[in-house]
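Undergrad: Can you look at this prediction? I've put the sequence above it.
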Amino acid sequence: MALIMKVRKTIRDAIWTKRWSTEQVHKYVGNFRKCYFTYATDSELREGAASGGSVTGLLSHLLTNRAIDGALVCATDVKDNHVNPVFTIATSLEELKAAQGSKYSAVFFSQHALPLIKQFSGRLAVVALPCDAKILHRYRQLNPGVDEKIALVISLFCGHNSRPELTDQTVEELRLPGEALISFRYREGHWRGNLQAKFDSGREVEKPFSFFSDYQNLYFYSQAKCHHCFDHVGYYADISAGDIWSPRMRDEPIKHTALVTRSDHGDAIVRTAISDGALQGREEPIAEVLDGQARTLPFHYNVTSRAIVGRLFGMEILARTEERVSLPELLVALLALLNDRVSRSPIGQKLIFWIPRPLIRLYLLILKGLESL
Ligand SMILES: Cc1cc2nc3c(=O)[nH]c(=O)nc-3n(C[C@H](O)[C@H](O)[C@H](O)COP(=O)(O)OP(=O)(O)OC[C@H]3O[C@@H](n4cnc5c(N)ncnc54)[C@H](O)[C@@H]3O)c2cc1C
Ligand code: SF4
């Protein structure tokens, strides 16, 4: 048995492990200091986490040491069977825990987060998606008062985000007539994890995260802005945090978060959290992170493929990364933009959820296969 496992691992590593040139690392990851694989030592912080709970572990450590007075995070509000991601400033461990997990539905940082940041009078850490970390970066340049109170910016890695309709439709697929949704979590638990929905009838439903993410990964209901974006890893942060999808981590009993530090300050915060025992973890080569994002990251970075294909759909996308484009990349771009387009029409929306799930899965496998070429 041990031998079979070893052979399986060797074959898997040989297939998945790529060589990344210094130039590729630089363009995909941007400037960085170090890379760590970590998880929150407190097991309670890992229960509701998207990955290893490291983001919450870091914020909790900073709050406890009074290095910050609050952290801008994104919680969930459920109303009329609708799941709304809401920015809030957490000032306690309980509030941090309540906001754990990834919210795969559009957030409006300029309208909702910036006013909160502006009004808050203490030292703040901010968790934001890469595009929102960039908005904050620009806002700080124009507002020295705001700049002074930001102690740390953590950006989540981001493949793309979805319009709220995808979550609405997912809820409708799970809800029985007459029931009202009372809570919703996109994913928690090991590896890809499970989605959870609770209803006022007392019924709790748990489904593999793929129940939602198969549609998301096919770019159905994608936010339009994501087709223009090439920042997968949060260039404007002190620390970037993401999942680790490299095959060897699948066998780890505890799920980890990848932390990429970009400033000396961010690196010191991660090191101190590890040495104080708030996080468990170790430094790892950056190639490990890239291996785990080997399909989505190059596609995300290559805006040129979407700029070329976008013309077919009358979309003006600026080829800001000026990458070379291969035929498989053009095909993936075509499918991504087409699927998004289909999900914007009422007939298309009906069609998407009428197609049997195994066919959706097969379609996703084809898309992932093309991404790997
Ligand atoms: C839309 C989206 C797309 C993502 N795409 C990828 C990807 O392609 N590859 C990858 O490796 N990782 C991706 N991630 C990041 C990943 O899902 C985890 O968030 C990350 O690994 C941190 O996990 P953790 O357990 O350490 O964080 P946790 O301890 O669970 O804490 C997460 C923190 O992020 C905050 N948060 C959640 N959603 C949002 C949001 N939308 N905007 C601002 N703050 C938020 C929470 O409030 C919480 O404070 C994505 C996350 C999101 C929200
Ligand atoms: S893909 Fe880019 S634009 Fe879209 S949500 Fe993520 S960081 Fe923002």
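TA: Right, received. Where do you want to start? Ligands and ions are numbered 1, 2, ... in the order given.

Undergrad: what's the offset of stretch 140-150 from the middle of its chain?
TA: Stretch 140-150 has its C-alpha centroid displaced from the chain centroid by 26 Å (CA atoms, centre = their mean, to the nearest Å).

Undergrad: Likewise for stretch 169-183?
TA: 24 Å.

Undergrad: do stretch 311-331 as well
TA: 23 Å.

Undergrad: Over to stretch 120-139?
TA: With CA atoms, centre = their mean, you get 16 Å for stretch 120-139.

Undergrad: since we're on the closest residue to Asp200 other than its chain neighbours, how many residues are nearby?
TA: Nearest non-adjacent residue to Asp200, counting by CB to CB, 6 or more residues apart in numbering: Ala180, 4.5 Å away. In this view, the C-beta of every residue, glycine as well, is placed from N, C-alpha and C. Residues near Ala180, counting by other CB atoms under 10 Å, number 12.

Undergrad: Now Ala180: phi and psi?
TA: Main-chain dihedrals, Ala180, degrees, to the nearest 10: phi -120, psi 140.

Undergrad: do the one 5 residues further on as well
TA: As for Arg185, its main-chain torsions (degrees, to the nearest 10) stand at phi -130, psi 130.

Undergrad: Show me the shaky parts of the protein.
TA: Applying pLDDT under 70 to the chain flags the ranges 1-18.

Undergrad: helix or strand for the residue of the stretch 51-200 of the chain at minimum distance from ligand 1, which one?
TA: Nearest to ligand 1 in the stretch 51-200 of the chain, going by CB to the nearest ligand atom, is Gly159, at a distance of 3.0 Å. Under DSSP states H and E, no helix or strand contains Gly159.

Undergrad: Would you mind measuring from it to Phe32?
TA: In this view, Gly159 and Phe32 are 19 Å apart by CB to CB, to the nearest Å.

Undergrad: for the residue of the stretch 51-200 of the chain closest to ligand 1, phi and psi?
TA: According to degrees, to the nearest 10, Gly159 has phi -80, psi -50.

Undergrad: tally of neighbours for it?
TA: 21.

Undergrad: isn't it right next to His232, touching?
TA: Yes - counting by CB atoms under 8 Å, Gly159 touches His232, with 6.8 Å between them.

Undergrad: still on that earlier bit, quick one: residues contacting the residue of the stretch 51-200 of the chain closest to ligand 1.
TA: 217, 232, 296, 300 (CB atoms under 8 Å, 6 or more residues apart in numbering).

Undergrad: same question, His232
TA: 28, 130, 157-159, 293, 296-297, 300-301.

Undergrad: For this structure, which segments count as strands?
TA: 34-40, 70-79, 82-90, 124-128, 150-156, 181-188, 194-199, 204-208, 239-242, 257-261, 279-283 (DSSP state E).

Undergrad: Present those strands as CSV; the columns should include distance to Gln111.
TA: Listed next are those as CSV, based on distance: least, CB to CB, whole Å:
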stretch, distance to Gln111
strand 34-40, 31
strand 70-79, 14
strand 82-90, 10
strand 124-128, 14
strand 150-156, 19
strand 181-188, 22
strand 194-199, 27
strand 204-208, 32
strand 239-242, 24
strand 257-261, 28
strand 279-283, 33
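
Undergrad: Compile those into JSON lines and extend it with columns for mean neighbour count and distance to ligand 2.
TA: Output for the strands of the chain, formatted as JSON lines (neighbours: other CB atoms under 10 Å; distance: least, CB to the nearest ligand atom, whole Å):
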{"stretch": "strand 34-40", "mean neighbour count": "23", "distance to ligand 2": "20"}
{"stretch": "strand 70-79", "mean neighbour count": "20", "distance to ligand 2": "12"}
{"stretch": "strand 82-90", "mean neighbour count": "19", "distance to ligand 2": "12"}
{"stretch": "strand 124-128", "mean neighbour count": "25", "distance to ligand 2": "9"}
{"stretch": "strand 150-156", "mean neighbour count": "23", "distance to ligand 2": "8"}
{"stretch": "strand 181-188", "mean neighbour count": "20", "distance to ligand 2": "14"}
{"stretch": "strand 194-199", "mean neighbour count": "20", "distance to ligand 2": "20"}
{"stretch": "strand 204-208", "mean neighbour count": "14", "distance to ligand 2": "23"}
{"stretch": "strand 239-242", "mean neighbour count": "26", "distance to ligand 2": "11"}
{"stretch": "strand 257-261", "mean neighbour count": "27", "distance to ligand 2": "15"}
{"stretch": "strand 279-283", "mean neighbour count": "18", "distance to ligand 2": "25"}
